[in-house]
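Trainee: okay, here's the prediction I keep looking at, along with the sequence it came from:
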2 protein chains.
Amino acid sequence: MTASQPRERLLAAALEQAMHGGIAGMSLRELARAIGTSHRMLLYHFGSREGLLTAVAYAVEEAQRAEVAQLVAVDARRLWQHFSDPVLWPAERLFFELYGQALVGRPGTEEFLGNAIEPWVTAIAPALSREAGLDERTARLEARLAVAVTRGLLLDLLATGDRQGVTEVFERYVQYTESGYRPDANQPGQP
Amino acid sequence: MTASQPRERLLAAALEQAMHGGIAGMSLRELARAIGTSHRMLLYHFGSREGLLTAVAYAVEEAQRAEVAQLVAVDARRLWQHFSDPVLWPAERLFFELYGQALVGRPGTEEFLGNAIEPWVTAIAPALSREAGLDERTARLEARLAVAVTRGLLLDLLATGDRQGVTEVFERYVQYTESGYRPDANQPGQP
DNA sequence: TGGTTCATGTACCAAGTGGTACATGCGGGC
DNA sequence: GCCCGCATGTACCACTTGGTACATGAACCA
């Protein structure tokens, strides 16, 4: 189940490699050389280049889901602390790489899109509903916003490397959510 | 200055093509065929494949900056209405594609990263400072958050296509900002 | 023992790759 | 007229690409 099967072993190695230098732009031979096998083996075990890409995308997705499952009911600051940890940056770069490729229709990455939002929202919303007493609809809205904020700030973080600065921004967002908002505050022109 | 110079004409065509089907995964010949020229011409005018990629990335960046300049002092809802318009989706897909490639170090896209955050913050912050009476530091924090929220929600939008749903989420964020937050809520940190 | 299945290596293929050499047209200045 | 610089086309280069054919080994089961 772990790395005993050669396919699993190769997949793990490919994943590892994908996190250092990307994967969408690599040829089978490049990748094979990098992980110490032959392009013949990659084709044997994954059928085609696209099959390999698909398998990697799927694995990344699965890792994400595992992450989510583990993080339910954790508070926002700890969650950000977790995601902004530099050891996760390679994985997050890979995520954005695959995401970008999926958006332009690169085969083998398309199904990646379907699981980019909904599973996260579904995983986070119940905790919000429970701990903040929100009705389900509102909890899902709030969760969707949280996912977007986290992704947007991760993009910032990966581009700038400025963990402290971005963390400050995240803190500001958290304080918004903690203070709740007053729908009666009406406007028109900003307060 | 427009499309009189052949290089400009080719660049415009390449950009156009890049928005429909991406560009990072295309070969020179594919691209040339798609825009009705020869790969020879692309190499002549851009020096190399990487030169072309760079030029396209640069043009996208420039278009972004123009967008920003035009949007200063516009209110948040109109801004979202603008960015979420389906006619801009191809451009935004291209943005995320280039961003993803830049994050994994694809040559010709690297400098893209440096201008992903700061120019936007600098363009937006003064308006926030002016209209909401925030000090400069706070205005920049707020602007950085706004950029992240917008990008995160655009990612959601491009993946799901659910403009109405995502717009609701954005609305929730706007209401947070409009109601202001109460730092006295509990929290020790942050003034 | 022999047969079967999975894993791997070697060698190859046609097609496509980025890039270059070279010839050709076409315009305006002299 | 002539030349010169830009733009373009044709033909080619060595190399890489994804994929396949085929042989071989190792492990297991009969």
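Mentor: The structure has been received and is ready for your questions. Everything numeric here is computed off the predicted structure, so don't read it as measured data.
Trainee: looking at chain A, which residue is nearest DNA strand C?
Mentor: residue A:6 (3.5 Å; Cβ to the nearest atom of the strand). Where C-beta positions appear, they are placed from N, C-alpha and C, glycine not excepted.
Trainee: what sits against that residue?
Mentor: A:41, A:45 (Cβ atoms under 8 Å, 6 or more residues apart in numbering or on different chains).
Trainee: let's see it at 10 Å
Mentor: Neighbouring residues of residue A:6 by Cβ atoms under 10 Å, 6 or more residues apart in numbering or on different chains: A:37, A:41, A:44-45.
Trainee: if I look at it, how far off is residue A:42?
Mentor: In this view, residue A:6 and residue A:42 are 11 Å apart by Cβ to Cβ, to the nearest Å.
Trainee: on that earlier part again, got a pLDDT number for the residue of chain A closest to DNA strand C?
Mentor: The model reports residue A:6 with a pLDDT of 86.
Trainee: likewise residue A:184?
Mentor: At residue A:184, pLDDT is 42.
Trainee: and if you look at residue A:162?
Mentor: 98.
Trainee: look at the closest residue to it other than its chain neighbours and tell me its secondary structure.
Mentor: With Cβ to Cβ, 6 or more residues apart in numbering or on different chains as the measure, residue A:156 is the residue that lies nearest to residue A:162, at 7.7 Å, once sequence neighbours are left out. Following DSSP: H, G, I helix; E, B strand; the rest coil, the label given to residue A:156 is helix.
Trainee: tell me how many other residues surround residue A:156.
Mentor: Neighbour count for residue A:156, taken as other Cβ atoms under 10 Å in any protein chain shown: 26.
Trainee: list the contacts for it?
Mentor: Counting by Cβ under 10 Å, 6+ apart, the residues that residue A:156 touches are A:162, A:165-166, A:169-170, B:116-118, B:120-121, B:144-145, B:147-148, B:151-152.
Trainee: pLDDT below threshold where in chain A?
Mentor: A:1-4, A:72-74, A:180-191 (pLDDT under 70).
Trainee: what does chain A put close to DNA strand C?
Mentor: Proximity of chain A to DNA strand C, by Cβ under 7 Å from any atom of the strand, involves residues A:5-7, A:37-38, A:40-41, A:44-45.
Trainee: distance check, the closest residue to residue A:117 other than its chain neighbours against residue A:134.
Mentor: Spatial nearest neighbour of residue A:117, chain neighbours left out: residue B:156 (5.2 Å); criterion: Cβ to Cβ, 6+ apart. Counting by Cβ to Cβ, the gap from residue B:156 to residue A:134 is 19 Å.
Trainee: and the angle for the strand or helix carrying residue A:164 with helix B:163-179?
Mentor: Here residue A:164, judged by DSSP states H and E, is contained in helix A:163-179. Interaxial angle of helix A:163-179 relative to helix B:163-179 (axes from the mean of the first three to the mean of the last three Cα atoms, to 10 degrees): 90 degrees.
Trainee: quick one: list the elements packing against helix A:163-179.
Mentor: helix A:76-83, helix A:118-132, helix A:136-160, helix B:136-160, helix B:163-179 (3 or more Cβ pairs under 10 Å, 6 or more residues apart in numbering or on different chains; DSSP states H and E).
Trainee: convert the C-alpha atoms of it to CSV, please.
Mentor: Written as CSV, here are the backbone C-alpha positions of helix A:163-179 (Å, rounded to 0.1, in the frame of the first residue of the first chain):
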residue,chain,number,x,y,z
ARG,A,163,5.4,35.6,5.5
GLN,A,164,5.2,38.2,8.2
GLY,A,165,3.5,40.8,6.1
VAL,A,166,1.0,38.4,4.6
THR,A,167,0.3,37.0,8.1
GLU,A,168,-0.6,40.5,9.2
VAL,A,169,-3.1,40.8,6.4
PHE,A,170,-4.6,37.4,7.3
GLU,A,171,-4.9,38.6,10.9
ARG,A,172,-6.9,41.6,9.7
TYR,A,173,-9.3,39.3,7.9
VAL,A,174,-9.7,37.1,11.0
GLN,A,175,-10.5,40.1,13.1
TYR,A,176,-13.2,41.0,10.6
THR,A,177,-14.8,37.6,11.0
GLU,A,178,-14.4,37.6,14.8
SER,A,179,-16.1,41.0,15.2
